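what's the 3D shape of this:
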Amino acid sequence: MHHAALESQGSLWTRKFVEWCCERISSKDYLSEYLAIHNALLSRCRYMRDPRTVELVKAPYLVFEEIMRGGRPSIDCDDFAACEEAAILAAGGSCQLVTVAFRDAFYDGRRQYSHVFARALEPRTKTWVVLDPVAADKTSEMLSKVKAAAIWPCA
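I've put the predicted structure just below:
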């Protein structure tokens, strides 16, 4: 997922998407840029689970191309997080991916995480902003149910 986002940050489709999202935002209003990217993805994509036995990861630049061509891609939480990571990096920002577990489930001694989202660093306040498409307006409620989390910084 990180690899797809890192590759996509330099794509022309990624940059076009970011510029389109942010065209009406004042310069250096980083929080608004992050929220514009997040809201554009929410409004232009449809949530759909992966195939039953396959972890399908879509390259963010392909998602952005489909959006910019007027389509409505179907993506799940890991695709959404990778798209946000690529877009935030393309906008010059810093972000992390966060995997979370809502249950104490283990397989072969390893914790099983069931959800992933991006968070972006607002550079002026040094505050991490959670950008989760599933939690939407219930982010604090969702975060209160987390049993464990792992943070994956961007390279």
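
what are the ranges of the strands in the chain?
Taking DSSP state E as the test, the strands found in the chain are 46-47, 74-75, 94-101, 106-107, 110-111, 115-122, 127-131, 148-153.

so which of those strands gets nearest Glu55?
strand 115-122 (11.3 Å; CB to CB). Just so you know, the C-beta spots here come from the backbone N, C-alpha and C atoms, and that holds for glycine as well.

tell me the gap between that closest one and the middle of its chain.
Centre-to-centre, strand 115-122 and its host chain are 6 Å apart (CA atoms, centre = their mean, to the nearest Å).

what's the angle from that strand to strand 94-101?
150 degrees (axes from the mean of the first three to the mean of the last three CA atoms, to 10 degrees).

now strand 115-122: mean pLDDT?
Here strand 115-122 scores 94 as its mean pLDDT.

who are the packing partners of that strand?
If contacts are counted by 3 or more CB pairs under 8 Å, 6 or more residues apart in numbering; DSSP states H and E, strand 115-122 sits against helix 30-44, helix 77-90, strand 94-101, strand 127-131.

any low-confidence regions in this structure?
By pLDDT under 70, the weakly predicted segments of the chain are 1-2, 136-139, 155.

my guess is Ala82 contacts Tyr61. True?
No - between Ala82 and Tyr61 no contact is recorded; they are 10.2 Å apart, counting by CB atoms under 8 Å.

any common contacting residues for the two?
Ser8 (CB atoms under 8 Å, 6 or more residues apart in numbering).

more crowded one of those two?
Ala82 (27 against 24; other CB atoms under 10 Å).
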